[in-house]
Every structure is written in C-alpha cells, then in structure tokens.
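> Test case, fold it:
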Amino acid sequence: MAKLFFAVEDSLAVVTELASGCQCEFALSGRRPQCVAFDPLQPQLVYCGTFDNGLWRSEDGGDTWNPAGLGVTHARILSVAVSGLQRAGNHGVVYAGTEPSAVFRSDDGGTTWRECAGLTDLPSARTWSFPPRPSTHHVRWIAPDPHRSGRLFAAIEAGALVQSPDGGATWRDRAPDGPRDTHQLAWARLQSGPIVLGRGRRLLRKPRRRRELAATRRRSSSCLRMERRRGPR
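Predicted structure coming up:
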C-alpha cells in the first residue's frame, strides 16, 4: 500500500492507494501544514510542520497525529527532513527548520529535540530577510545528503544556502557566488551530485565538479512539499 502526503492550504491531504482506486482524507485541519516527511527506516513514522502550531508526529502512517516531543522552541515549522543514512537506533535522524531561522535535531524519533546552534552566527546572517515579513527569515528547506552521512544543506529564505558537514554541530556559510533565495533542494540519488535547487521560476544545477552554478529557465514546481510513503507489502 502506498500513501501520498500533501501539505495543502489549511490541512494535510493523505492519499491512500487501494485496490479499487485512491482514497483521500484530510488531517490537521486548521493547523496550516507547511511541510511533511517520513522516516525511511520506519515508514509509519511521519512528521508534519505547521505555521504557528508547531511540529506534529504520526506513528501509524498518518492515521492519527500528536504534537512532537519537547525541544523545538518555535511554533512556525517551515521544513522537516529525515536522513536515511544517519541512524539513531531504529530511527533516522530528524531535522526541523523554523521561523525565525533555526534548525532542530532529534535522535529518538521525534521524542526530544535540541537546537543545532550556530546557524545565525554565520557572517551572512545579518543580511537574511524574508520580504513579506522583513524583520524575520526562516529555514525553507533542509536536504540531508543521501551519500554522505551527516552532511546537510539548509535553504534560508531569503539570504543563503548554508551547509553542515557534521549533522548540525557546525555550519558553513553561503558560497560567494551561491544562491541567496533557494526554495527547494533535491539530490541525485544514484551519484554524489549534482544538487538541483529550485528558486522561484529557476532551477539551479550544481555539477559534480565545482563550477559556477548554471541557471536554467524552467517552470517552478509547487508539488515538492510532498513525501511518498510506501509501507510493507
């Protein structure tokens, strides 16, 4: 059985594939979901970030939801991701990004969280600003590297694409010629590069060798805030 999760305007759409077709149900209505991710090591464990209503967790594949554990100190959760390489027991390490910009990490399936300190100490942080709310900014997307354990990128809207080589223990600032307003990131799963970055109506592609980012005009996708869950057959 397969499930699709969509963070739509005011609820989380859960589409279940059945033998007779598909069934769509809605969860977390009124809580303004923003992002959703599942644990590739425990596919029934799903996380959903909301705007002003904190981080939520389902332990039964989206049938029921409860607030995630303590430690995330901001209520606006704009991004969530689970690493398939970084393991903590039977779970993947979980990262949640917030407004104002901060990244939190859980090593126990979302029961407890701690902040990955130092993000806003980066030199470029003083220039970060989200135009509709210029007094603040947020972590729009988190992308753990599927090939190198502990490496992850965080897209700050707006201001920087930063990275951590060690699971959030330390942070590296944006590259001088790197993007300033990255909305989505995706890794090539069968090789160590490239990274594809979505920025408004542009896609940026980083080749495997270090070169200047090449921009290509494309239509932007509004469906990337979706994770697919495939349970046991």
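> For residue 32, see how far away residue 8 is.
Separation of residue 8 from residue 32 (C-beta to C-beta, to the nearest Å): 10 Å. Using the backbone N, CA and C atoms, a C-beta is placed for each residue, glycine as well.
> which one of the two has more residues nearby?
Between residue 8 and residue 32, residue 32 has the larger neighbour count (other C-beta atoms under 10 Å), namely 18 against 11.
> Quick check: chain neighbours aside, which residue is closest to that one?
Nearest residue to residue 32, sequence neighbours excluded (C-beta to C-beta, 6 or more residues apart in numbering): residue 51, at 4.1 Å.
> Now the one you found. Its backbone dihedrals?
phi -100, psi 110 (degrees, to the nearest 10).
> And for it, the neighbour number?
Neighbour tally, residue 51, other C-beta under 10 Å: 17.
> Enumerate every residue touching it.
Residue 51 makes contact with 32, 33, 34, 76, 77, 78 under the criterion C-beta atoms under 8 Å, 6 or more residues apart in numbering.
> Give me the pLDDT value at the nearest residue to the second one once chain neighbours are set aside.
The one in question is residue 33. Nearest in space to residue 33, with sequence neighbours left out and distances taken as C-beta to C-beta, 6+ apart, is residue 7 at 4.1 Å. Note on residue 7: pLDDT of 90.
> Correct me if wrong: residue 7 contacts residue 28.
No - the criterion here is C-beta atoms under 8 Å, and residue 7 misses it with residue 28 at 9.0 Å.
> so what sits against both of those two?
residue 48.
> Bridging across strands, which residues link to residue 38?
Per DSSP bridges, the residues bridged to residue 38 are residue 46.
> okay, now it: neighbour count?
Residues near residue 38, counting by other C-beta under 10 Å: 25.
> Touching, it and residue 46? I think so.
Yes - using C-beta under 8 Å, residue 38 is in contact with residue 46, at 4.7 Å.
> Just the buried residues of the regular element (helix or strand) spanning residue 77, please?
Element membership of residue 77, judged by DSSP states H and E, is strand 76-88. By neighbour count on 16 or more other C-beta atoms under 10 Å, the buried set for strand 76-88 is 76, 77, 78, 79, 80, 81, 82, 83, 84, 85, 86.
> Mind picking the two most distant members of those?
76 and 85 (27.7 Å; C-beta to C-beta).
> how many degrees apart are whichever helix or strand residue 92 is part of and strand 76-88 in direction?
Assessed by DSSP H and E, residue 92 sits inside strand 91-99. On the basis of axes from the mean of the first three to the mean of the last three C-alpha atoms, to 10 degrees, strand 91-99 is oriented at 160 degrees to strand 76-88.
> still on that earlier bit, okay if I get the contacts of residue 51 as TSV plus pLDDT?
Listed next are the contacts of residue 51 as TSV, based on pLDDT from 0 to 100:
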residue	pLDDT
32	95
33	96
34	95
76	97
77	97
78	96
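> Distance to residue 164 added to those, as a markdown table?
Below are the contacts of residue 51 laid out as a markdown table (distance: C-beta to C-beta, whole Å):
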| residue | distance to residue 164 |
| --- | --- |
| 32 | 28 |
| 33 | 26 |
| 34 | 22 |
| 76 | 21 |
| 77 | 19 |
| 78 | 17 |
